[in-house]
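> With the sequence up front, the predicted model follows.
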Amino acid sequence: MNLKTRPEGFKLTEYLLFAAVMLGVMILCISIGSVNIPLKNTATAIWNTV
């Protein structure tokens, strides 16, 4: 399979945008969810893990 062609038509920048949005939503959900962890602490923990 040729990796340069993508049948769905998404570009690399769109994949990066999707990943950034997913990470942002994940941080937001953790921060305002039932555990109520501050946004900075959540972002720091995820950044250190990655």
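Thanks, I have the structure now. Residues are numbered from 1 along each chain as shown.
> Low-confidence stretches in the protein?
Residue ranges of the chain with pLDDT under 70: 1-7.
> Recalculate using a threshold of 80.
Along the chain, segments meeting pLDDT under 80 span 1-8, 30-31, 33-36, 50.
> Check which helices and strands the longest helix seen in it is in contact with.
When the chain is parsed with DSSP state H, its longest helix is helix 12-32. For helix 12-32, the packing partners by 3 or more C-beta pairs under 8 Å, 6 or more residues apart in numbering; DSSP states H and E come out as helix 39-49. Where you see a C-beta, it was placed from the backbone N, CA and C, and this is true even at glycine.
> what angle do the helix it packs on and helix 12-32 make?
Using axes from the mean of the first three to the mean of the last three C-alpha atoms, to 10 degrees, the direction of helix 39-49 lies 130 degrees away from that of helix 12-32.
> Only the buried residues of helix 39-49, if you could.
Within helix 39-49, the residues that count as buried by 16 or more other C-beta atoms under 10 Å are Thr42.
> What distance do you get for the residue most central in space within the chain to Ala45?
Centroid-nearest residue in the chain, with C-alpha atoms, centre = their mean: Leu23, separated by 2.1 Å. For Leu23, the distance to Ala45 equals 12 Å [C-beta to C-beta, to the nearest Å].
> same check, this time on Lys11
Distance of Lys11 to Ala45, computed by C-beta to C-beta: 31 Å.
> Could you do Ala20 as well?
From Ala20 to Ala45 the distance is 18 Å (C-beta to C-beta).
> mind listing what's buried in stretch 23-36?
Using 16+ other C-beta under 10 Å as the test for burial, stretch 23-36 gives 27, 30-31.
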